[in-house]
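**Q** Turn this into a structure:
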Amino acid sequence: MHTILNSDYSIEYCHIYTNEGAGNEHIASIDTLNTIIGKLRKQAATYNLCVMVDDYSFPETSMEFDYDGLLKWLGDKQAVPHFLIQESSLVPAAGEVVEQLTDKRRQKSLRDYIQRKRYPCSLFIATWYLARLGKLRTISASEILPARQLINILPLRFEPFEAEARDILAATPYADVLQVITNEYIEADQEEI
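**A** Prediction:
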């Protein structure tokens with residue numbers, strides 16, 4: 001598989017946390033990925049594949065996570081990504097997104113939340129999507145391959161966070177990106193394999 005810059009689509013799949021191993025959700029994600037790739041190939045659309053490792057939510061397990069093991073497992077499933085990213089690497093870009101919010105009340109609320117607790121999941125999602133669409137100056141195309149549209153294969157349990165992320169995106173100068181983001185939700189138990 002070759003790397004395509006400025007692809008038609010960026011496809012996220014197999015979102016994984018550092019406190020878990022691959023499981024049924026990840027298998028369901030790859031099954032959905034294969035279906036989507038089949039359709040895109042028929043359309044002659046270009047795409048890049050990406051996996052997000054959430055090393056931010058459970059920092060105590062991030063040093064123990066087996067990245068090589070994950071990539072080997074994905075290789076065995078013929079689902080190797082063009083790039084893999086750690087969620088914690090998005091912190092500087094998340095700050096950029098907060099600064100760009102046009103809704104000042106939301107901006108203040110997010111700043112207060114970050115200061116009291118930490119970066120919320122919804123802000124990371126919005127940041128991740130803007131980065132994959134090439135909209136952020138703090139992230140280069142060599143780190144995250146830009147695309148014109150996004151497809152995200154996610155567990156159904158992520159849906160409330162996705163809705164919050166859409167609200168954040170709607171309050172940025174890039175609200176029009178909401179039209180090029182498609183989420184495919186999967187339902188599978190979280191049992192590890």
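**Q** Tell me how many other residues crowd Ser62.
**A** Number of residues near Ser62 (other Cβ atoms under 10 Å) recorded here: 18. Glycine gets a C-beta too; all of them are placed from N, C-alpha and C.
**Q** Could you pull out the helices in the chain for me?
**A** With helices called from DSSP state H, the chain shows them at 24-42, 59-62, 67-76, 91-100, 104-116, 121-132, 159-170.
**Q** which outside residues touch the helix or strand bottoming out on mean pLDDT in the chain?
**A** In the chain, no helix or strand scores lower on mean pLDDT, DSSP states H and E than helix 59-62, which sits at a mean of 83. Residues from elsewhere that reach helix 59-62, judged by Cβ atoms under 8 Å, 6 or more residues apart in numbering: Tyr17, Thr18, Asn19, Asp55, Tyr56, Gln86, Ser88.
**Q** Show me just the buried residues among those.
**A** Tyr17, Thr18, Asp55, Tyr56, Ser88 (16 or more other Cβ atoms under 10 Å).
**Q** If we only consider those, which is nearest to Pro146?
**A** Set against Pro146, the nearest of those by Cβ to Cβ is Ser88 (20.8 Å).
**Q** Find the nearest non-adjacent residue to the closest one, please.
**A** Of all residues not flanking Ser88 in the chain, Tyr56 sits nearest, at 4.6 Å (Cβ to Cβ, 6 or more residues apart in numbering).
**Q** how near is the one you found to Ala165?
**A** The gap separating Tyr56 from Ala165 is 15 Å, by Cβ to Cβ, to the nearest Å.
**Q** Correct me if wrong: Ala94 contacts Tyr119.
**A** Yes - when contacts are counted by Cβ atoms under 8 Å, Ala94 is listed as touching Tyr119 (5.4 Å).
**Q** who's more crowded, those two?
**A** A direct count of neighbours by other Cβ under 10 Å for Ala94 and Tyr119 places Ala94 higher, at 25 against 19.
**Q** Alright, that wraps it up for me.
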